[in-house]
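> build the 3D model from these lines:
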Amino acid sequence: METKFGALGKEIYELLAKNYLTMLAPDYEYDQHRGHVEKYPSFVGSLNVPAVLGWKGVFVAEDDEPEDDDAPSGATALGTIVKPFVHEGFPTRPPHPTMGWLMKQLENAARALVRPGRAPTRKSPTTPPARL
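This is a model prediction of the structure:
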């Protein structure tokens, strides 16, 4: 494959093959763990732990190198130490519409209503529904 279509052809073929295999693979299943902080019961956290990779297993790259543990040093266990932090922010206001933006929107709407070569048609409200 690589000699005929090059490296890009090989990548495209592998991508298409993996996408096809995902259609045939079983469902992805996970266990969901939920918890809340004792002093703040409104804060609910959840964690999805994969049980069966299913179709996601098709995309997992198998490396011969051992993976480094991403857990920070000094971590004891899940949920034993908590420091609550609440951040309150507001999104910025959208900009005011300009005359150029408004004209462009009106042109797009007019183009959608009247297409070249066809007259606009409207059904009357008394038209009975079509029967199949």
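> what mean pLDDT does stretch 45-60 get?
Stretch 45-60 shows a mean pLDDT of 89.
> now do the same end-to-end measure for that stretch.
This stretch, stretch 45-60, spans 26 Å end to end (C-alpha to C-alpha, to the nearest Å).
> what does it contact?
Outside stretch 45-60, the residues that touch it by C-beta atoms under 8 Å, 6 or more residues apart in numbering are 18, 21-23, 25-36, 78. In this view, the C-beta of every residue, glycine as well, is placed from N, C-alpha and C.
> buried ones in it?
Buried residues in stretch 45-60, counted by 16 or more other C-beta atoms under 10 Å: 55, 58.
> residue 30 belongs to a strand, doesn't it?
Yes: Residue 30: assigned to a strand according to DSSP: H, G, I helix; E, B strand; the rest coil.
> so which strand or helix has the closest residue to it other than its chain neighbours?
Once flanking residues are discounted, residue 30 sits nearest to residue 48: 4.5 Å by C-beta to C-beta, 6 or more residues apart in numbering. When secondary structure is defined by DSSP states H and E, residue 48 falls within strand 44-52.
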